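Chemist: this one's sequence-less:
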């Protein structure tokens, strides 16, 4: 069985470093990552509150995650396990975010659509890294050196706050999209789809269909 | 009398165990799946998961950073007495949930559905859920915590008798493939299927089938047990493995629970208990003894209540065909 390639990447990667990556490569990160998800996107892009950190200078790696963490009474943080959340939900903000913050690495769970990659990632020279598992939180936690800042905690809560985390050999992650906008998940889905038809042999659609399964509002359901 | 402080301390310990220690039945199931997996990418993922369980135990760190939405199942022996009664018990479980969220730490996942208010402790309106069961004998209380992931892998559909087993099979495939793509269900998972009841009961059945039974056990109805085995195999023949990559490890086990339903219907729910199948159990006795385990032992003959106490065995169970 072929083992995937293992590569170390900076959280402010150069274009030629990204260009060398192939779908399915296994990545470990050095540098600083930040978390930003619906709370940060909404506050920054819709409510137009200016960002509390200088991006992409501090980091060009946006992790769709909120860590399992708690705050100590002296204001320091107790950080345990780190795991991504599903990224497709952030599609409506991602184009503007990439353009404004210069993010080159979007890290999360499940990837985004090839349409998002072509429309938003490719023009901004960004790629998507997926976490592995997706539950490798303890392994990712080992890559955390320290929390270098937590911003907008009082406004958004711990889970939605913007965390800046210094990391060393944090991983594993996997290259889901490349600079051309190809998607590993879509490639795999295509392969799997070929065999699905025969599994359904002998079954018929449910007696009662569900309104809203298609966009045709005049569909009969029986 | 079971002391309330003992309940609270045990509950806190259970929260930590659930978040950090993968139950042995699931771990063994995953090891077998890892051996049989022949997809390159899926194999890599399963090996990384096995490494992750070790790292979590060594570092006493949560297996997964999304520590789910903690909930409680409490089973009470008929002769148990709890200091302060059931209200004190609920209060102790809420305190333990909040304290453990800070100490482990767990991710404070619970927020208000509209205002997104977050108390940073996994406690709030209706949270954590606390459900109850009883057993005819015993002075003990069983505390079971389950931290199930909250977003993907669950679906419900009203089927009808005319849809038959093929209809059940189809909706099962629909659910697995829909949530299996890109690995949203965090498979390989323990798949729980609820059949019958009413809509709410059906969801409860399926969730309990996924979370309160262990890998390798069987429904006592031999025909349902056969269906469980068939569905496990069917799920693993989709061609999909961990993260939705090409592979054959989708289902670690399939558990089905049923309840009598309306004569015209056949409700069905599907639930996926993920790669970090977080559950931990303790039995607390009145003398203060606590025994920890990972098998909830929830489904006893009394829980399923297949029959009534004035009738030996219902005729529908004889499976003449």
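Modeler: It's in. Note that the structure is predicted; figures quoted are calculated from it, not measured.
Chemist: number of nearby residues for residue A:148?
Modeler: Neighbourhood size, residue A:148 [other Cβ atoms under 10 Å in any protein chain shown]: 14. Quick note: C-beta positions are derived from backbone N, CA and C, even for glycine.
Chemist: I'd like the distance from stretch B:243-252 to the chain centre, please.
Modeler: Between the centre of stretch B:243-252 and the centre of its chain there are 20 Å (Cα atoms, centre = their mean, to the nearest Å).
Chemist: any low-confidence regions in chain A?
Modeler: For chain A, the stretches flagged by pLDDT under 70 are A:1.
Chemist: tell me where chain A has helices.
Modeler: In chain A, the segments counted as helices under DSSP state H are A:15-19, A:38-41, A:91-101, A:114-116, A:137-142, A:153-156, A:184-199.
Chemist: same thing with the stretch 1-150 of chain B?
Modeler: B:4-20, B:24-36, B:40-59, B:85-103 (DSSP state H, counting those that start in this stretch).
Chemist: circling back to that earlier point, could you say which of the helices of chain A is packed most deeply?
Modeler: helix A:137-142 (a mean of 27; mean count of other Cβ atoms under 10 Å in any protein chain shown).
Chemist: so what does it touch, helix or strand wise?
Modeler: Judged by 3 or more Cβ pairs under 8 Å, 6 or more residues apart in numbering or on different chains; DSSP states H and E, the packing partners of helix A:137-142 are strand A:162-177, helix B:40-59.
Chemist: for my notes, please list these in TSV and give mean neighbour count for each entry.
Modeler: Converted to TSV, the helices and strands packed on helix A:137-142 look like this (neighbours: other Cβ atoms under 10 Å in any protein chain shown):
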stretch	mean neighbour count
strand A:162-177	23
helix B:40-59	20
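Chemist: can you redo these as CSV with distance to residue B:207?
Modeler: Listed next are the helices and strands packed on helix A:137-142 as CSV, based on distance: least, Cβ to Cβ, whole Å:
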stretch, distance to residue B:207
strand A:162-177, 31
helix B:40-59, 23
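Chemist: select, out of those, the one closest to residue B:107.
Modeler: strand A:162-177 (11.8 Å; Cβ to Cβ).
Chemist: quick check, distance from that closest one to the centre of its chain.
Modeler: In terms of Cα atoms, centre = their mean, the centre of strand A:162-177 is set 10 Å apart from its chain centre.
Chemist: and stretch B:202-220, by the same measure?
Modeler: Counting by Cα atoms, centre = their mean, stretch B:202-220 comes out at 7 Å from the chain centroid.
Chemist: cool, and stretch B:150-160?
Modeler: Distance of stretch B:150-160 from its chain centroid, counting by Cα atoms, centre = their mean, is 15 Å.
Chemist: nearest to chain B: which residue in chain A?
Modeler: residue A:83 (3.0 Å; Cβ to the nearest Cβ).
Chemist: give me the spatial nearest neighbour of that residue, chain neighbours excluded.
Modeler: Spatial nearest neighbour of residue A:83, excluding adjacent residues (Cβ to Cβ, 6 or more residues apart in numbering or on different chains): residue B:65 at 3.0 Å.
Chemist: show me what the closest residue to residue B:117 other than its chain neighbours is bridged to.
Modeler: Of all residues not flanking residue B:117 in the chain, residue B:111 sits nearest, at 6.1 Å (Cβ to Cβ, 6+ apart). Applying DSSP bridges to residue B:111 gives these bridge partners: residue B:118.
Chemist: residue B:111 reaches residue A:159, doesn't it?
Modeler: Yes - with contact defined as Cβ atoms under 8 Å, residue B:111 reaches residue A:159; the gap is 7.5 Å.
Chemist: can you give me the neighbour number for residue A:202?
Modeler: So residue A:202, with other Cβ under 10 Å, has 9 neighbours.
Chemist: dump the residue contacts of the closest residue to residue B:196 other than its chain neighbours.
Modeler: Once flanking residues are discounted, residue B:196 sits nearest to residue B:261: 3.6 Å by Cβ to Cβ, 6+ apart. Counting by Cβ atoms under 8 Å, 6 or more residues apart in numbering or on different chains, residue B:261 touches B:195, B:196, B:197, B:198, B:202, B:267.
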